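[1] Got a sequence here, can you model it:
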Amino acid sequence: MSLTSQFVQNLKRFRLVTFDVTDTLLRLEEPMRHYQQKAADCGVTGVDRGQLERCFRQQFSALSREHPNFGSQSPDLDWQQWWMQLVSRTFTCVDDRLTPEQLAKIGHCLISHFRTNACWTHIEGARELVQHVRAAGKCVGVISNFDPSLSQVLAAMGYAGKFDFVLTSYEAGVMKPDSRIFNKALQRMSIPAEQALHIGNKLDMDYVGARNSGWSGLLVDDEERTDSDSRHTFASVSLLLQALDTQEIQW
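    Got it, this is the predicted structure:
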């Protein structure tokens, strides 16, 4: 792989580059369509997708308040049970006549399904960006608010062996933008914060979280903002890669 001299120069100060996953490297493809289809596979048909989405959002917010970070700090509740509860509560919200057996069957099916390549698509330019960073000789990692199945998802999408580590919020015990998750990544690689760069799509969790932890940050966000540094904000991963290849980035 041929790297431009500008790309190498832009990353010269960094020894570690980390990535967010959802909507930075990968995108979930119509998740409620998969919920609807897998329910039908389990014999539950006629589920209204609009109502399903409303119930999912409501129950996800409620469960996240009751048991934050996929239940990582909740006794007797692991991440799989957390998702099982979410699926059960979501479908009960849609139809309270469903039996516990039906809800459990749907839940197990969905947990397995969402760890495959059937539900995810690649963000344009993301694989190339990761490859460029690796080719530049950097340590490359993932920092994501996710459950421990993330490595399985990444492997299913062709990212097996592409990262030096994958750090999820569940395993770290804290979620971005908490500085402790960024610090854990530094400790793993014995790298100081000023030599670390994080790339993600959430202003508060990724860009601000990284910078408040002493890191540099790049933000992928196609909305016009006045609360982020325009030097570090790009409308897409492809444009971010193009800028690293061709423009001097002022850190």
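
[2] ok, and for the helix ranked longest in the chain, which residues are buried?
    Longest helix in the chain, counting residues (DSSP state H): helix 49-66. Buried residues in helix 49-66, counted by 16 or more other C-beta atoms under 10 Å: Leu52, Glu53, Cys55, Phe56, Gln59, Leu63. C-betas here are computed from N, CA, C, even on glycine.

[3] cool, and stretch 103-113?
    Leu103, Lys105, Ile106, Gly107, His108, Cys109, Leu110, Ile111.

[4] wait, doesn't Ser238 sit right on His122?
    No: counting by C-beta atoms under 8 Å, Ser238 does not reach His122; the two are 11.5 Å apart.

[5] still on that earlier bit, for Asn10, state which of the buried residues of stretch 103-113 is nearest.
    Ile111 (40.0 Å; C-beta to C-beta).

[6] Are we agreed that that closest one is in a strand?
    No: under DSSP: H, G, I helix; E, B strand; the rest coil, Ile111 sits outside any strand and is assigned helix.

[7] Columns pLDDT on top of the buried residues of helix 49-66, output as CSV?
    Formatted as CSV, the buried residues of helix 49-66 follow (pLDDT from 0 to 100):
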residue, pLDDT
Leu52, 97
Glu53, 97
Cys55, 98
Phe56, 98
Gln59, 98
Leu63, 98
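
[8] Throw these into CSV and include distance to Leu3, thanks.
    Formatted as CSV, these follow (distance: C-beta to C-beta, whole Å):
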residue, distance to Leu3
Leu52, 45
Glu53, 42
Cys55, 48
Phe56, 42
Gln59, 46
Leu63, 44
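
[9] now, which of the residues you listed sits nearest Ala155?
    Phe56 (25.9 Å).

[10] Could you look up the SS state of the closest residue to the closest one other than its chain neighbours?
    Of all residues not flanking Phe56 in the chain, Thr90 sits nearest, at 4.8 Å (C-beta to C-beta, 6 or more residues apart in numbering). Secondary structure, three-state DSSP: Thr90 is helix.

[11] dump the residue contacts of Thr90.
    Counting by C-beta atoms under 8 Å, 6 or more residues apart in numbering, Thr90 touches Tyr35, Leu52, Cys55, Phe56, Gln59, Phe60.

[12] how about the fifth one, what does it touch?
    Contacts for Gln59 were tallied using C-beta under 8 Å, 6+ apart; they are Leu86, Arg89, Thr90, Cys93.

[13] For the first one, pull up the helix or strand it's in.
    Leu86 belongs to helix 79-94 when assigned by DSSP states H and E.

[14] List the buried residues for that helix?
    For helix 79-94, burial by neighbour count (16+ other C-beta under 10 Å) applies to 79-80, 82-91, 93-94.

[15] just stretch 176-184 next, same as before
    Applying 16+ other C-beta under 10 Å to stretch 176-184 flags Lys176, Pro177, Asp178, Ser179, Ile181, Phe182, Asn183, Lys184 as buried.

[16] Out of the residues you listed, which comes closest to Ser230?
    Nearest member of the buried residues of stretch 176-184 to Ser230, counting by C-beta to C-beta, is Pro177, at 20.3 Å.

[17] Look at that closest one and give its secondary structure.
    Relying on three-state DSSP, one would call Pro177 coil.

[18] mind listing what the nearest residue to it once chain neighbours are set aside touches?
    Using C-beta to C-beta, 6+ apart and skipping residues adjacent in sequence, the residue nearest Pro177 is Gly209, 2.7 Å away. Gly209 sits next to Lys176, Pro177, Asp178, Ser179, Phe182, His198 when contact means C-beta under 8 Å, 6+ apart.
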